[in-house]
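Asks: The following comprises the amino acid sequence and a computationally predicted model.
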Amino acid sequence: MKVNNVQNTSANINFKMALKINPKLRPEVEKLGPKWVEYFEKLGKRVENVKHYDVCFEDSVYTPAVRSVENPQKNYYSALQREEDQLGRFVYLTCGDETYGFYNPNEPEIFRSIYGKEAPKKYASFRGIYDSGVQAAELSKLLEKQKLQRIADMKTKEAAKLLKEAQILSEKEKLNKSIDNLFDKYAGEIPEEPTKKKSFWSRLFSFCK
């Protein structure tokens with residue numbers, strides 16, 4: 001089995017493959033035998049197309065973490081477990097002098113974000129996975145899907161912005177061109193009217209005012 005160079009602290013994790021196994025866990029894997037070698041190989045295959053998130057085994061082969069390549073300090077798997085503890089609970093929120101009570105959603109935010117109305121069904125399927133490593137792998141794929149969608153949305157917005165700017169520039173250029181054409185056709189010297197000389201009495205009257 002190929003073991004990646006993963007240190008015990010997340011800050012030193014070498015992000016090259018989506019599955020990371022701490023070299024310190026090698027004796028544990030050797031003790032567990034070939035079934036666990038096969039298990040990790042299958043897990044690595046499961047996440048081979050995930051680029052932005054890693055499934056990490058740092059302290060034990062039984063406790064996976066899911067970390068972002070850009071933000072390895074956060075463990076998304078443990079964050080999901082904390083969120084799951086609060087699902088469906090009745091909670092209170094105080095805002096100024098007002099206190100509001102409501103129920104938390106029954107599915108984690110990532111399922112609602114990706115699947116919408118299908119979230120309950122998809123989350124039930126996820127909850128049916130009793131292997132923590134496989135769950136972590138599936139979570140990494142969900143996070144990847146969410147991130148790629150956000151990147152696509154940003155690109156769409158940026159493209160729309162650039163298109164709008166190009167349209168504004170095009171309209172401005174058309175206006176300037178039409179103005180240039182107008183003055184090329186009709187611009188001409190306009191003689192100024194000679195200043196009328198005021199009479200003595202007019203000047204005197206203006207002065208007396």
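Replies: Thanks, I have it.
Asks: Only C-alpha atoms from now on, for both contacts and neighbour counts.
Replies: OK.
Asks: which ones are touching the residue nearest the centre of the chain?
Replies: Most central in the chain under Cα atoms, centre = their mean is Arg150, positioned 4.5 Å from the mean C-alpha point. Neighbouring residues of Arg150 by Cα atoms under 8 Å, 6 or more residues apart in numbering: there are none.
Asks: And the strands in the chain?
Replies: 19-21, 53-57, 64-68, 90-95, 98-103 (DSSP state E).
Asks: in its sheet, what does the fourth one sit against?
Replies: Paired with strand 90-95 in the same sheet, following DSSP bridges, are strand 98-103 (antiparallel).
Asks: Any idea how far the strand it pairs with is from the middle of the chain?
Replies: From the chain centre to the centre of strand 98-103 is a distance of 29 Å (Cα atoms, centre = their mean, to the nearest Å).
Asks: re earlier: quick check: which of the strands of the chain is buried the most?
Replies: The highest mean neighbour count among these, using mean count of other Cα atoms under 10 Å, belongs to strand 53-57: a mean of 27.
Asks: Pull that strand out as CSV, backbone CA atoms only.
Replies: Provided in CSV are the C-alpha atoms of strand 53-57 (Å, rounded to 0.1, in the frame of the first residue of the first chain):
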residue,chain,number,x,y,z
TYR,A,53,-10.5,18.1,-0.2
ASP,A,54,-8.5,15.3,1.5
VAL,A,55,-9.6,12.3,3.6
CYS,A,56,-6.9,12.1,6.3
PHE,A,57,-6.1,9.4,8.8
